[in-house]
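Chemist: My questions are about this predicted structure, shown below with the sequence.
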2 protein chains.
Amino acid sequence: MNEIKLFCPATIANLSCGFDVLGLCLETIGDEMIIRKSSEKGIRITKIIGADLPMETEKNVAGVAALAFYQEASSREAFDYGFEIEIYKNIKTGSGIGSSSASAAGAVFGINELLGCPFTRKELVTFAMKGEVVASGSEHADNVAPCLLGGVTLVRGYNPLDVIRIDSPNELFAVVLHPHIEVKTADARAVLNPMIPLKNAITQWGNVGGLIAGLYTQDYELIGRSLEDVIVEPLRKKLIPGFDETKFDAMQNGALGAGISGAGPSIFALCKGHKTAEKVAFAMSESYQIIGIPFDMHLSKINPEGVKIN
Amino acid sequence: MNEIKLFCPATIANLSCGFDVLGLCLETIGDEMIIRKSSEKGIRITKIIGADLPMETEKNVAGVAALAFYQEASSREAFDYGFEIEIYKNIKTGSGIGSSSASAAGAVFGINELLGCPFTRKELVTFAMKGEVVASGSEHADNVAPCLLGGVTLVRGYNPLDVIRIDSPNELFAVVLHPHIEVKTADARAVLNPMIPLKNAITQWGNVGGLIAGLYTQDYELIGRSLEDVIVEPLRKKLIPGFDETKFDAMQNGALGAGISGAGPSIFALCKGHKTAEKVAFAMSESYQIIGIPFDMHLSKINPEGVKIN
């Protein structure tokens, strides 16, 4: 196998209560990538369609992640070829549904496949995280982990990296509304308080526990009750026009819960069943049309598989 | 049935990462209570053996919890009798393993049984919480919930009360060392900071998620990695002489994790298997003998059942 075509799914990080630790994988939206062996050593980005992103390997999230992986893999077992990467972006950059993570995860997954899978999907998370530094300035796994592993993922900790994959219930659907505004990562970080009340933290970790328990027991109501963020959402939602109204309409129409996807600006809702998800998507659209900012809508089952060969 | 004899188990609250939300139920240590119908209406504490506690109903945790329950139950269906409560304390007061909760939980459980179980065990938690006010000044459920429901419990939130019961793996054992010192609840609260770093809170809720996931998947290693408290333990351990050494020796001898039970002073360790638990108990004893403070040791399987008829 000298060439591989991939589907690299979008992801929702944080899931309200699980700031910086939880994420889930989507099924109906994602990038495509083609990775191929080349006689020239090293990593080259040869094509980017659908986004204005740097072609230089060292400045591109896919390139940086691929390089980190390439260096480690070739230090274990030498090989005299390199890899070319083509990226076909469907996930808009800056949308808050893991655009950079999809590229980083796809790059390392693809090269690993072409090398005969010397690393597990879980092991690939570390390399994909290196790509995230280019996009956000820090190594974090809350989007690359669900993109690589599928389902819902918990990043328990980083020293050492400890990622737990959790099956999500069959009837769990996500609706995502992406308003076409830019929320700079720096701004999304700047609104946060470095110190928080212990009281709120207790509420938050109660909800994280509830959400994990709800996922394992397929208790949709418990999942819904746990989708509450008393720490980050109250601050970040100010950066997203129409957030409160859209969330309200999602909840009124049967969503289990709703919140900010990653650092925003996308707004997500989780729903039980496709029918409810459609109703919620319609209500959120209606609601956002009044705001007057253009937007995209996505509706997706939770993707149990993660990045895959297409 | 006019009289009932109960076993009211001790409990470990917090479980390191789950401050104020997690708890588990013990099997080998607990109080006994006798509850009997009496022709006189109301609630009377008629005997307390093993502890110097107030006999006045309104000043006794069991009395207050029983009264709250009695008033609600009799408002739903009138009855022309009352209840007498005898308490045989084995759990030392102020030990940090749910002494007051055992009394509060036992009182409401016993009366509920004598009335033909109009309330579920989960519903009883609210009444037992009323008793906790007498002991600690606030309604909290992190000990009464595991005492009433058994296993591990998560108090997701209080508005309204949302308690989730989680099965614990079969081979999970707890070791508890109770140093005979007094840690006043006021002191245990006073050392806490009302504001905490967001960074530490993220670590903590990652661990809460990991612990819940570990319990559902019976992943003992994950349970162990998640038993970490970066917020409360570093402050409260100063109130417990020999904490660090005892925890160190527990871990060196194979404990999955160790920490402060409730507000202390008891130190707990969780272990996989009875053999390891015995080894850990021995090591903790050895360690504490050097400290020179008298102590009790308990070794127990996790109790899946909670308070029960004896």
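Modeler: On my side now, so go ahead. Residues are numbered from 1 along each chain as shown, chains lettered A, B, ... in the order given.
Chemist: The residue in the stretch 51-200 of chain A positioned nearest to chain B: which element?
Modeler: Nearest to chain B, among the residues of the stretch 51-200 of chain A, is A:Arg156, at 3.8 Å (Cβ to the nearest Cβ). Placement of C-beta: from N, CA and C, glycine included. Using DSSP states H and E, A:Arg156 sits within strand A:152-158.
Chemist: ok, residues contacting the next helix or strand after that strand?
Modeler: Going down the chain from strand A:152-158, the next helix or strand is strand A:161-166, by DSSP H and E. With contact meaning Cβ atoms under 8 Å, 6 or more residues apart in numbering or on different chains, strand A:161-166 is reached by A:122, A:125-126, A:129, A:141, A:145, A:149-156, A:212, A:215-216, B:209-210, B:213, B:222, B:225.
Chemist: try it again with 6 Å
Modeler: The contact list for strand A:161-166 (Cβ atoms under 6 Å, 6 or more residues apart in numbering or on different chains) reads A:122, A:125-126, A:145, A:149, A:151-156, A:215, B:213.
Chemist: Most neighbours among those, please name it.
Modeler: A:Ala145 (35 neighbours; other Cβ atoms under 10 Å in any protein chain shown).
Chemist: quick one: that residue is in a strand?
Modeler: No. According to DSSP: H, G, I helix; E, B strand; the rest coil, A:Ala145 belongs to no strand; its state is helix.
Chemist: For stretch A:152-167, give the mean pLDDT please.
Modeler: Taken as a whole, stretch A:152-167 has an average pLDDT of 96.
Chemist: Start and end of it, how far apart?
Modeler: 6 Å (Cα to Cα, to the nearest Å).
Chemist: Around chain B, pick out the residues from the stretch 51-200 of chain A.
Modeler: For the stretch 51-200 of chain A, the residues in contact with chain B (Cβ under 6 Å from any Cβ of the partner chain) are A:154, A:156-157, A:164, A:194-196, A:198.
Chemist: Buried among those residues? Make that a ChimeraX selection.
Modeler: Buried residues within those, by 16 or more other Cβ atoms under 10 Å in any protein chain shown, are selected in ChimeraX with:
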select /A:154,156,157,164,196,198
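Chemist: among the residues of the stretch 51-200 of chain A next to chain B, which two are most distant?
Modeler: A:Ile164 and A:Met195 (28.0 Å; Cβ to Cβ).
Chemist: Export the contacts of strand A:161-166 to TSV and append columns for distance to B:Thr46.
Modeler: Output for those, formatted as TSV (distance: Cβ to Cβ, whole Å):
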residue	distance to B:Thr46
A:Lys122	60
A:Val125	62
A:Thr126	64
A:Ala145	59
A:Leu149	59
A:Gly151	56
A:Val152	53
A:Thr153	56
A:Leu154	50
A:Val155	55
A:Arg156	50
A:Leu215	48
B:Ala213	46
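Chemist: among those, which two are most distant?
Modeler: So, those by Cβ to Cβ: farthest apart are A:Thr126 and A:Leu215, at 24.3 Å.
Chemist: quick one: contacts for the nearest residue to A:Glu305 once chain neighbours are set aside?
Modeler: Take A:Glu305 and drop its neighbours on the chain: the residue closest to it by Cβ to Cβ, 6 or more residues apart in numbering or on different chains is A:Gly150, 4.5 Å away. Listed by Cβ under 6 Å, 6+ apart, the contact partners of A:Gly150 are A:25, A:303-306.
Chemist: ditto for A:Ser99
Modeler: Contacts of A:Ser99 by Cβ under 6 Å, 6+ apart are A:91, A:93.
Chemist: run the last query once more with 7 Å
Modeler: A:91-93 (Cβ atoms under 7 Å, 6 or more residues apart in numbering or on different chains).
Chemist: And A:Ala128, by the same measure?
Modeler: A:65, A:101, A:104-105, A:108, A:144, A:148.
Chemist: CA atoms of the one helix or strand in chain A whose mean pLDDT sits lowest as PDB?
Modeler: Ranked by mean pLDDT, DSSP states H and E, the helix or strand of chain A with the weakest confidence is helix A:185-190, at a mean of 85. Output in PDB follows, covering the C-alpha atoms of helix A:185-190 (Å, rounded to 0.1, in the frame of the first residue of the first chain):
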ATOM      1  CA  THR A 185      -8.300  31.300  20.700                       C
ATOM      2  CA  ALA A 186      -6.500  34.100  22.600                       C
ATOM      3  CA  ASP A 187      -9.800  35.900  23.300                       C
ATOM      4  CA  ALA A 188     -11.500  32.600  24.300                       C
ATOM      5  CA  ARG A 189      -8.700  32.000  26.800                       C
ATOM      6  CA  ALA A 190      -8.600  35.600  28.000                       C
END
